[in-house]
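Visitor: dropping a prediction and its sequence here:
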Amino acid sequence: MKTKVFFMGTPDFAAASLKALIEDSGIEVVGAFTQPDKPVGRKQILEAPPVKKLCLEHNIPVWQPKKLRDGTALDIIKECAPDLIAVVAYGRILPDDILAYPRLGSINIHGSLLPKYRGAAPIQWAVINGERETGVTAMFMASELDAGDMIAEKRTEILPGETAGELFERLAPIGAELLTETVHALAAGTATRVPQDHKKATFAPPLTKEQAKIDFSDPAQSIVSKVLGLNPWPVAEFELNGQRIKAYCAEVSAESAKKPTVTKKGLLMPAGEGTVLFTEIQAPGGKRMRAADYFRGHPLC
C-alpha cells in the first residue's frame, strides 16, 4: 500500500524532492501547496514556481494559498487525506492544526545539520561563515522555526571554492534521497526521533542586498567566503575607480598587493589580513566574465 504524501515547497531545491517522491513506487503524492506565481524579468511576466510546474506535468493537484490560518488550507489537506505532510523550502510557517493533521506527522527537509543554521538561508550562511561541512536534516515540524525533533541527516563536505549556488545543486538530490528514505521509515514505524540541543542552535536569516558590500578591512578568507556565499544572490560588490563591481568568484592569493593590481589570474585587492584574488566579476552595464579578460580591455588608471 502506498504512503500518501501532501507536499509543500517552492524552488528548484524543493522540486528535486518532489520529483523523487513522484518516482518512488511506494509513495503517492496526493496534492501540493506552493507559493504564488511571481513576476520575472524586465517585462515582469508571471512565472510559476518549479514545484507548480512539476505538479502540472504529473497531474498532481496543486494550490497556491495566500492564507494558511483561515481553515481553507486545512480543508484542502483533509480532502486529500494524506498520511504525511512533507515540506521542503516552502517559505511559509504552517499553523499547528495543519502540522497535527496527518497520522504520520509533518516533516521537513532542511538544508543544514541542525541545530546549526535554523532559518531561511542555511546553505548560504554555511558558506559565508567558512564552514567545512554541511548537509541536510529530516525533522518533525514544530511551532518554533526549524526546532522540531530530528529524524535523520546526511552530511557532505563543502568543497574549496564552492559557491552557495553550486552547493544548492549538490544538496538538492541529497535532500531528495533523505526525504524518500524518511517517508518509508515513518511508514514502517522505524524512524528515530531525537530532540535538538537548543543551546547549540544558530540562525541563518534571509539575505539582503545591504549585505553585499565588501569591507576590505576584513581578512581575505572572510571576504572570499562572503563572495562565494552571496553567489548567485545578492552577489558581493565593491567600488573600483568609481564603479560598482560585482564579484562572483574569488580566492585567497599567495601573492601580496598594497593596491588594486591586475595579473594574468585576475584582480588582486589588499585586505585587512592577506590578499584577495577576484577571478570572476561584472562591471556596470557589462556581462559576467573572467576578471583577467575584463581588465585586458579596461586597464586600471
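Guide: Alright, I've got the coordinates. Just so it is clear, the model here is predicted, and its values are computed rather than measured. Residues are numbered from 1 along each chain as shown.
Visitor: tell me what the host helix or strand of residue 225 is packed against?
Guide: Assessed by DSSP states H and E, residue 225 sits inside helix 220-229. In terms of contacts (3 or more C-beta pairs under 8 Å, 6 or more residues apart in numbering; DSSP states H and E), helix 220-229 is packed against helix 122-128, strand 236-240, strand 243-253, strand 275-282. Just so you know, the C-beta spots here come from the backbone N, C-alpha and C atoms, and that holds for glycine as well.
Visitor: save the ones you listed as JSON lines, and put in mean neighbour count and distance to residue 38 too.
Guide: As requested, these are exported to JSON lines (neighbours: other C-beta atoms under 10 Å; distance: least, C-beta to C-beta, whole Å):
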{"stretch": "helix 122-128", "mean neighbour count": "24", "distance to residue 38": "20"}
{"stretch": "strand 236-240", "mean neighbour count": "18", "distance to residue 38": "24"}
{"stretch": "strand 243-253", "mean neighbour count": "20", "distance to residue 38": "23"}
{"stretch": "strand 275-282", "mean neighbour count": "23", "distance to residue 38": "23"}
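Visitor: and these as JSON lines, adding mean pLDDT and distance to residue 53?
Guide: Listed next are the helices and strands packed on helix 220-229 as JSON lines, based on pLDDT from 0 to 100; distance: least, C-beta to C-beta, whole Å:
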{"stretch": "helix 122-128", "mean pLDDT": "98", "distance to residue 53": "22"}
{"stretch": "strand 236-240", "mean pLDDT": "97", "distance to residue 53": "31"}
{"stretch": "strand 243-253", "mean pLDDT": "97", "distance to residue 53": "27"}
{"stretch": "strand 275-282", "mean pLDDT": "98", "distance to residue 53": "29"}
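Visitor: returning to what we had before: got the CA positions of the helix holding residue 225 in CSV?
Guide: Provided in CSV are the C-alpha atoms of helix 220-229 (Å, rounded to 0.1, in the frame of the first residue of the first chain):
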residue,chain,number,x,y,z
ALA,A,220,41.0,37.9,2.9
GLN,A,221,39.5,34.5,3.8
SER,A,222,36.3,36.1,5.2
ILE,A,223,35.9,38.2,2.0
VAL,A,224,36.3,35.1,-0.2
SER,A,225,33.8,33.2,1.9
LYS,A,226,31.3,36.1,1.6
VAL,A,227,31.8,36.3,-2.2
LEU,A,228,31.1,32.6,-2.6
GLY,A,229,28.2,32.6,-0.1
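Visitor: which helix in this structure runs the most residues?
Guide: Using DSSP state H to define each element, the chain has its longest helix at helix 164-188.
Visitor: mind giving me the packing neighbours of it?
Guide: Packed against helix 164-188, as judged by 3+ C-beta pairs under 8 Å, 6+ apart, are the following elements: strand 3-9, helix 12-23, strand 84-88, strand 106-110, helix 122-128, strand 133-140, strand 150-157.
Visitor: can you give me the buried ones in the last one?
Guide: Neighbour counts over strand 150-157 (16 or more other C-beta atoms under 10 Å) mark 150, 151, 152, 153, 154 as buried.
Visitor: helices or strands up against it?
Guide: The contact analysis (3+ C-beta pairs under 8 Å, 6+ apart) places strand 150-157 against strand 133-140, helix 164-188.
Visitor: many thanks, we can stop here.
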